[in-house]
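Visitor: Make a model of this:
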Amino acid sequence: MSVITILLIYALIMNLIGFMSMGIDKQKARKRAFRIPEATLFTIAIIGGSIGSIIGMHLFHHKTRHYYFLYGLPAILVLQIILILFLIFGPLQIIIF
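Guide: Presented below is the predicted three-dimensional model:
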């Protein structure tokens, strides 16, 4: 299994976790049950689940009134894209292919 395949599987799993965590937290909010901490939601986004978290946030209409989620999650995604581009095309050009 190549490094690219492993990274893609990791990204898929993290984005599914990010998506599901937004949906689960929305359901818990409706039932006034114990919630997923906001720090956990951000951590999931930071370690690779930003796309799934953003999609879940908008699809479930969850945390859309909180500016730090509305602008923070896309900012995390932009930073992740910049990091990936830097690793691929940057001065070190880490070979992962």
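
Visitor: neighbouring contacts of stretch 81-97?
Guide: Residues from elsewhere that reach stretch 81-97, judged by CB atoms under 8 Å, 6 or more residues apart in numbering: 2-4, 7. To be clear about C-beta, it is placed using only N, CA and C from the backbone, and glycine gets the same treatment.

Visitor: 7 Å instead?
Guide: 3-4 (CB atoms under 7 Å, 6 or more residues apart in numbering).

Visitor: Let me see the mean pLDDT of that stretch.
Guide: The pLDDT scores in stretch 81-97 average 77.

Visitor: what's the answer for stretch 21-30, then?
Guide: 96.

Visitor: Dump that stretch to CSV, keeping only the CA atoms.
Guide: Extracted C-alpha coordinates of stretch 21-30, given in CSV (Å, rounded to 0.1, in the frame of the first residue of the first chain):
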residue,chain,number,x,y,z
SER,A,21,-19.5,14.5,15.0
MET,A,22,-21.4,17.5,13.7
GLY,A,23,-24.6,15.5,13.2
ILE,A,24,-24.3,13.7,16.5
ASP,A,25,-23.7,17.0,18.4
LYS,A,26,-26.7,18.5,16.7
GLN,A,27,-28.9,15.6,17.8
LYS,A,28,-27.6,15.9,21.3
ALA,A,29,-28.3,19.6,21.3
ARG,A,30,-31.9,19.0,20.3
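
Visitor: which parts of it are buried?
Guide: 21-22, 24-26 (16 or more other CB atoms under 10 Å).
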